[in-house]
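A.B. asks: no sequence on this one, just coordinates:
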């Protein structure tokens with residue numbers, strides 16, 4: 001499924017909705033792990049049992065033998081990605097019967113296989129089944145089914161041929177060309193719609209791990225949120241937040257959540273602002289390879305975001321000539337509001353979607369105006385050719401996860 005793993009803020013907890021612990025514990029060369037002892041003194045609602053979750057999900061139950069055949073016995077050259085949970089393999093199944101198919105025939109799938117000794121991984125596996133088994137949305141990755149057989153725990157997803165946003169922003173190579181400005185706007189909008197759905201009255205879910213490696217792209221660069229292992233039900237009744245031990249990814253987690261363990265939908269909004277900054281700047285949220293004072297993207301970028309005359313200093317130089325300053329300034333201002341230290345000052349995801357709608361319309365209007373006036377049209381990057389290349393966009397396995 002193209003999952004790229006990053007370091008986590010981790011500590012075991014008991015999510016109210018899943019009745020299981022959800023903990024990430026994997027590493028990356030760009031992030032750091034921290035843990036927190038902050039935890040709620042309030043009593044959460046009665047957890048659902050594993051049996052209730054599996055029975056109520058609208059998913060296919062696969063047998064291990066079929067998944068073994070579909071992935072060619074989990075061959076190393078079928079690996080799409082991996083981390084502390086386990087590895088993700090490319091496979092093929094028949095579109096109608098969902099039985100194993102020969103490589104190159106039927107429907108391509110991504111199979112996440114849990115390390116058998118991973119106790120925490122099982123809890124995240126169950127959380128994935130719980131949430132993605134309930135919800136269906138164009139901007140959430142589709143979970144097709146699962147396997148629970150003896151000690152085997154697997155998840156079967158739709159295959160996302162262009163991999164993660166993280167790869168397209170930060171990975172260098174012949175295939176991973178820099179995403180164009182128009183595609184970055186498209187991805188930002190699609191990811192915002194996914195979060196807005198989760199925060200809606202229909203779902204009432206806090207995603208809690210929004211970052212570039214969890215945003216996957218289909219062949220047309222439509223963004224879909226993946227990896228719901230840390231997702232949690234939002235507050236109910238007259239409660240303003242959910243109290244929980246701090247979990248997530250360093251660099252993306254909201255400051256008030258890190259300080260208090262109080263989780264709200266605005267925590268996701270902060271993470272969205274960080275990702276928006278990554279798309280604008282082409283820089284990682286945490287990058288210790290940069291000069292002193294530039295390790296943390298939010299701290300470095302904030303002074304420039306607040307000034308219209310300085311916004312250009314944070315823009316990815318690979319985007320030169322592709323955007324209008326008016327739209328760039330408005331997008332930078334949106335990111336600035338999302339990463340406000342005061343959660344109340346952050347917009348809702350619904351408001352963000354509406355603003356992005358307006359910015360995309362403005363971008364189209366201004367580009368049409370430039371064309372009519374005979375101005376040089378913006379340069380195109382390889383990412384603009386959306387429908388012409390449909391190769392697999394997953395990196396090959398490496399010694400250290402991207």
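C.D. replies: Yes, it's here. No experiment lies behind these values; they were computed from the predicted model shown. Numbers count the residues shown, from 1 in each chain.
A.B. asks: which non-adjacent residue is nearest residue 85?
C.D. replies: With sequence-adjacent residues excluded and distances taken as CB to CB, 6 or more residues apart in numbering, residue 85 is closest to residue 121, at 4.6 Å. Glycine gets a C-beta too; all of them are placed from N, C-alpha and C.
A.B. asks: just residue 306 next, same as before
C.D. replies: residue 336 (6.2 Å).
A.B. asks: so who does the one you found touch?
C.D. replies: 273, 302, 305, 306 (CB atoms under 8 Å, 6 or more residues apart in numbering).
A.B. asks: okay if I get those as TSV plus pLDDT?
C.D. replies: Shown next, in TSV, are the contacts of residue 336 (pLDDT from 0 to 100):
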residue	pLDDT
273	98
302	95
305	93
306	81
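A.B. asks: how about the helices in the stretch 1-150 of the chain?
C.D. replies: 50-56, 64-70, 119-132 (DSSP state H, counting those that start in this stretch).
A.B. asks: mean neighbour count, those: which tops it?
C.D. replies: helix 119-132 (a mean of 23; mean count of other CB atoms under 10 Å).
A.B. asks: picking up where we left off before, verify the contact between the residue nearest to residue 85 and residue 153 for me.
C.D. replies: Yes: when contacts are counted by CB atoms under 8 Å, residue 121 is listed as touching residue 153 (7.1 Å).
A.B. asks: quick check: neighbours shared by those two?
C.D. replies: residue 114.
A.B. asks: show the contacting residues for the nearest residue to residue 74 once chain neighbours are set aside.
C.D. replies: Sequence neighbours aside, residue 89 is the residue nearest to residue 74 in space, at 5.4 Å (criterion: CB to CB, 6+ apart). If a contact means CB under 8 Å, 6+ apart, then residue 89 has 71, 74, 75, 78, 79, 80, 110, 111, 113 as its contacts.
A.B. asks: need the contact list for the spatially most central residue of the chain.
C.D. replies: Nearest to the mean C-alpha position of the chain, by CA atoms, centre = their mean, lies residue 214 at 2.4 Å. Going by CB under 8 Å, 6+ apart, residue 214 touches 3, 164, 225, 226, 227.
A.B. asks: one more pass at 7 Å, please.
C.D. replies: Residue 214 makes contact with 225, 226, 227 under the criterion CB atoms under 7 Å, 6 or more residues apart in numbering.
A.B. asks: separation between it and residue 128?
C.D. replies: 12 Å (CB to CB, to the nearest Å).
A.B. asks: same question for residue 197.
C.D. replies: For residue 197 relative to residue 128 (CB to CB), the value is 17 Å.
A.B. asks: ditto for residue 110
C.D. replies: Distance from residue 110 to residue 128, by CB to CB: 12 Å.
A.B. asks: again with residue 227
C.D. replies: Taking CB to CB, one finds residue 227 at 7 Å from residue 128.
A.B. asks: before we move on, back to that, does the residue nearest to residue 306 sit in a helix, a strand or a coil?
C.D. replies: Following DSSP: H, G, I helix; E, B strand; the rest coil, the label given to residue 336 is helix.
A.B. asks: quick check: it vs residue 308, distance?
C.D. replies: 11 Å.
A.B. asks: the closest residue to residue 200 other than its chain neighbours: what secondary structure?
C.D. replies: Nearest-residue entry for residue 200: residue 350, 7.7 Å, with adjacent residues in sequence omitted and distances by CB to CB, 6+ apart. Secondary structure state of residue 350, per three-state DSSP, is helix.
A.B. asks: is it correct that residue 350 is in contact with residue 195?
C.D. replies: No: if you go by CB atoms under 7 Å, residue 350 and residue 195 don't touch, sitting 9.5 Å apart.
A.B. asks: between the two, tell me which one has more neighbours.
C.D. replies: residue 195 (26 against 15; other CB atoms under 10 Å).
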